[in-house]
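**Student:** Predicted coordinates and the sequence they were generated for:
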Amino acid sequence: MLPISLPFETIDALAASPAPLRLNVDLEAQVVVAEQQPDVSIPFEIGAFAKRLLIEGLDPLALTLKSRDKIQAFFADDVRHRPWVYSAG
């Protein structure tokens, strides 16, 4: 789900349409377009991080797991350099 904040004037103009509107959200272009008025695009803001997660279909954990090999390499190197941290006793 992508919550989009639009100015009240824009929402009022959309709501005043005589026919029901079907709105399309173009996340890459960051615009909302009504199918009935394809020449009018309404821009919206979204943070780069949230946009990336939505476009790639990831949540923060899945994004972290994309770096699993780097994380495992870091821990393997850390065990070699600081074995006392990982000792059980």
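**Tutor:** Yep, that arrived.

**Student:** Contacts for the longest strand along the chain next, please.
**Tutor:** When every strand of the chain is counted residue by residue (DSSP state E), the longest turns out to be strand 37-43. Contacting residues not belonging to strand 37-43 are listed as L6, T10, D26, A29, Q30, V31, V32, V33, A34 [CB atoms under 8 Å, 6 or more residues apart in numbering]. (Each C-beta comes from the backbone N, C-alpha and C, glycine too.)

**Student:** List the neighbouring strands of the helix-or-strand element of the chain with minimal mean pLDDT plus their orientation.
**Tutor:** Lowest mean confidence among the helices and strands of the chain (mean pLDDT, DSSP states H and E): strand 37-43, at a mean of 87. Within its sheet, strand 37-43 is paired with strand 31-34 (antiparallel), according to DSSP bridges.

**Student:** before we move on, back to that, so for the longest strand of the chain, what gets flagged as buried?
**Tutor:** Neighbour counts using 16 or more other CB atoms under 10 Å place I42 of strand 37-43 among the buried residues.

**Student:** So how do I select the buried members of the contacts of strand 37-43 in ChimeraX?
**Tutor:** Applying 16+ other CB under 10 Å to the contacts of strand 37-43, the buried members can be selected in ChimeraX as follows:
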select :32,33,34
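
**Student:** Tell me the one among the contacts of strand 37-43 nearest to L54.
**Tutor:** For the contacts of strand 37-43, the minimum distance to L54 (CB to CB) is 11.2 Å, reached by Q30.
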